[in-house]
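*Asks:* predicted structure and sequence below. I'll ask about it afterward.
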Amino acid sequence: MTGVVATLAGSLVIAGVSTLGDFVWAAGNLQHRPQYGLTHGTLLFFAIGLFLGALAHRPAAGAAWGAALGFLAAGSFYVLAPVVGYSAMFVVWIAMWVALAVLYARLSRQQVALGAVLGRGAAAAIASGTAFYAISGIWRPFDPQGWDYAVHFGAWTLAYLPGFAALLIAARSQSDHL
């Protein structure tokens, strides 16, 4: 799978998982409690790790590490949120793209300098963080019965696209030259 195809596939699949997550939160009328957030983060990043692991031919390792990163990300949000409010979500979102760059490099056993991996992670974090900020209004006003989940799916796709592009297009083209 080329970097472009993987980028599009990952963006669409993970946008679907995120949209399903929005639906579960809304349909279950779940209050924002740490146990729900930790579960959500773990499952979301399980899916991201599974996807990245599948690309690297190591789906089980990707899923396990992805779940661990998701739990850590959600836990970080709950530690930071009392101090900085919901803007903690953006801090964690950005940090997780750097972590995902490192994870994908490890899973795919890329022989690339750590600086290059961190550079891809930083590019993913900045581009995807900007996109995430742009779509973050999808939950406002908070009216889950009135939400258009096609809009959520499109917004999530746009949020994931630049992050996966930074990780996968550059990484796939570099690994093709090794």
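*Replies:* In hand now; what should we look at? Numbering: from 1, shown residues only.

*Asks:* all contacts plus neighbour counts: C-alpha atoms, from now on.
*Replies:* OK.

*Asks:* okay, now the unreliable bits of this protein?
*Replies:* 1, 142, 144, 170-178 (pLDDT under 70).

*Asks:* now the strands for it?
*Replies:* Counting by DSSP state E, no segments of the chain form strands.

*Asks:* tell me the helices in it, going along the chain?
*Replies:* 3-27, 34-55, 59-84, 88-107, 114-135, 149-164, 170-176 (DSSP state H).

*Asks:* need those helices in CSV (columns: distance to Pro141 and mean neighbour count).
*Replies:* Compiled in CSV, the helices of the chain are given as follows (distance: least, C-alpha to C-alpha, whole Å; neighbours: other C-alpha atoms under 10 Å):
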stretch, distance to Pro141, mean neighbour count
helix 3-27, 13, 18
helix 34-55, 20, 22
helix 59-84, 20, 19
helix 88-107, 18, 21
helix 114-135, 13, 20
helix 149-164, 13, 21
helix 170-176, 38, 15
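
*Asks:* with distance to Asp143 added, can I get those in CSV?
*Replies:* Shown next, in CSV, are the helices of the chain (distance: least, C-alpha to C-alpha, whole Å):
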stretch, distance to Asp143
helix 3-27, 9
helix 34-55, 19
helix 59-84, 23
helix 88-107, 20
helix 114-135, 16
helix 149-164, 12
helix 170-176, 39
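
*Asks:* chain neighbours aside, what residue packs nearest to Phe164?
*Replies:* Nearest non-adjacent residue to Phe164, counting by C-alpha to C-alpha, 6 or more residues apart in numbering: Thr7, 5.1 Å away.
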